[in-house]
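In: I'd like to go over a predicted model; first the sequence, then the structure.
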Amino acid sequence: MSLRRLALAVVLSLLLPCSLTARAAETRAERAANLYASQELAAAPLHSNLPDYSLSPEDLAKSQHLSAVHVTMHFIDEAWSIISLLLLLSFGVIAWMRDKAVKVSSNRWAQGYVFLLLYLIAGFLLSLPLDLYSQHLSLKYGLSVQSWASWFGDQAKAFALTWIIGGLLLMLLFWSIRKLPRSWWLAFWGASIPIVLFGIFAAPYIEPLFFHYEPLQKTNPALVEQLEKVVEKDHMNIPPERMFLMKASAKLTTLNADVEGFGASKRVVVWDTTIAKMKPDEIVFVFSHESGHYVLNHIVLGILFTLFILLVSLYVGYVFVQWAIAKFGTRWGVPSQNDWAALAVLLLAFSLFGALLEPVENTFSRHDEHTADIYGQEAIHGLVADPQATAKGAFDVLGKTSFADPNPSPLYEFWTYGHPSIGRRTAFAKAYDPWAPGMEPKYFKK
Ligand SMILES: [Zn+2]
């Protein structure tokens with residue numbers, strides 16, 4: 001019975017994003033440009049240059065190496081997170097951590113925080129080799145300029161944040177398990193809704209721990225003036241005070257811009273590396289893409305999607321914990337779900353289920369990114385001379401600064417890419433012209 005319910009939950013969680021991604025019908029101009037892009041990608045060999053996005057022979061070699069390493073590391077990392085948890089459980093390390101925590105104090109808060117501390121230390125050490133290699137690679141290819149001291153400092157800050165906030169969640173989880181042994185997954189989910197909302201709201205106030213922020217108006221007043229033209233055009237009401245410059249160049253060489261927070265904390269953040277490397281028109285396009293996320297309600301949809309995934313994950317986790325403890329509990333030294341060590345069993349379920357959910361989440365994200373690209377390109381119509389060339393130019397800079405693979409394997413793109421590949425975006429941008437005779441724009445009617 002529970003297995004059938006589990007299967008139903010899994011199928012539902014896979015279907016909902018599919019129905020959400022179909023929420024806006026494809027326009028004729030969009031269909032034509034999508035077709036143009038997919039034909040261009042299909043005609044070129046994998047990992048090689050495209051007519052609309054090409055790297056120098058030297059950079060192409062770098063991109064091919066990086067792409068191969070990323071594919072391998074991605075799946076090793078995912079498998080390792082599952083295998084290492086199984087090893088920790090099988091060798092009794094998790095049970096040992098629980099014993100230590102329980103010995104420290106009879107106070108549940110002290111026990112929970114000590115157990116989580118030991119667990120996080122083990123997790124940090126087990127993932128350290130891969131993390132070190134990944135940072136080494138970023139330095140070698142010039143994608144990062146961060147010193148090792150600063151890198152370890154960031155790791156320490158992230159660790160402390162996870163411990164403090166994770167400890168509160170852990171206490172709430174075990175309180176729910178104790179009070180509602182059969183429906184804690186639902187209770188914990190309900191309680192986590194305001195926590196998720198607060199987390200998204202508070203994220204912009206946590207990020208300054210890692211990067212320096214300045215009002216964009218202070219550093220780039222001319223740019224703010226340009227951006228306000230976009231804001232006025234799509235009535236999204238982001239005052240200049242909500243635009244920030246992030247000093248990414250202290251640590252990174254890659255480019256980005258994003259929308260963060262919601263309600264009173266909602267803001268647009270542009271990295272200084274973007275401003276240094278892109279032409280003003282291209283930055284206006286990047287900003288328009290970001291404002292698209294804002295106007296098309298991607299933040300709200302993203303929150304709903306996250307909450308839905310969380311609900312299914314918790315239910316799957318609940319069923320898995322009952323099954324795993326009945327079957328392996330004695331061997332692992334985890335007597336019941338009401339034991340600190342059961343956290344590792346629940347996280348094992350999340351790792352397994354998360355690996356399956358990855359393509360679903362990424363398909364959802366790629367769809368939003370694609371519509372934001374369309375929105376961005378339509379928003380700059382009339383503000384820049386040639387919206388197609390501007391968008392294409394922006395993607396070109398974006399791709400070249402990170403040695404993005406021009407033509408990745410479609411399966412790898414489907415499974416792991418949160419954005420369409422840069423080659424696909426560039427080709428789409430070049431071909432997308434909703435202002436041509438017989439075509440209709442998707443968001444800004446003629
Ligand atoms: Zn985006």
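Out: Yep, it's here. From a predicted model like this one, the values you see are computed outputs, not experimental measurements. Numbering: from 1, shown residues only.
In: The closest residue to Glu26 other than its chain neighbours: how many residues sit nearby?
Out: Among residues not flanking Glu26 along the chain, Asn34 sits closest, at 7.2 Å (C-beta to C-beta, 6 or more residues apart in numbering). (Each C-beta comes from the backbone N, C-alpha and C, glycine too.) By other C-beta atoms under 10 Å, 18 other residues sit near Asn34.
In: Hmm, Glu40 and Asn34 touching each other?
Out: No - in this structure, Asn34 is not within contact of Glu40 by C-beta atoms under 8 Å, at 10.8 Å.
In: hmm, back to that, and the residue nearest to Glu26, how far is that from Gly438?
Out: For Asn34, the distance to Gly438 equals 17 Å [C-beta to C-beta, to the nearest Å].
In: do the same with Ile380
Out: If you measure Ile380 against Gly438 using C-beta to C-beta, the figure is 22 Å.
In: swap in Asn362?
Out: From Asn362 to Gly438 the distance is 34 Å (C-beta to C-beta).
In: Repeat that for Val231.
Out: From Val231 to Gly438 the distance is 31 Å (C-beta to C-beta).
In: what does the stretch 301-446 of the chain put close to the ion?
Out: Residues of the stretch 301-446 of the chain found near the ion (C-beta under 5 Å from the ion) are 369, 372.
In: Please give me every residue in contact with Trp189.
Out: Contact partners of Trp189, counting by C-beta atoms under 8 Å, 6 or more residues apart in numbering, are 307, 310-311, 314.
In: for it, helix, strand, or coil?
Out: For Trp189, the assignment made with DSSP: H, G, I helix; E, B strand; the rest coil gives helix.
In: just to revisit the earlier point, Asn362 and Gly438: who's more crowded?
Out: Asn362 (19 against 6).
In: tell me which element that one falls in.
Out: helix 342-379 (DSSP states H and E).
In: Which positions in the stretch 151-300 of the chain make contact with the ion?
Out: Contact residues, the stretch 151-300 of the chain versus the ion (C-beta under 5 Å from the ion): none.
In: Run the angle between the strand or helix carrying Arg178 and helix 342-379 for me.
Out: Per DSSP H and E: Arg178 is located in helix 148-179. With axes from the mean of the first three to the mean of the last three C-alpha atoms, to 10 degrees as the basis, helix 148-179 and helix 342-379 are set at 120 degrees to each other.
In: mean confidence score for helix 148-179?
Out: The average pLDDT for helix 148-179 rounds to 97.
In: Quick check: which helices or strands does that helix pack against?
Out: helix 108-140, helix 184-206, helix 342-379 (3 or more C-beta pairs under 8 Å, 6 or more residues apart in numbering; DSSP states H and E).
In: Just name the most buried of those helices.
Out: helix 342-379 (a mean of 21; mean count of other C-beta atoms under 10 Å).
In: Give me the angle between that one and helix 184-206.
Out: 50 degrees.
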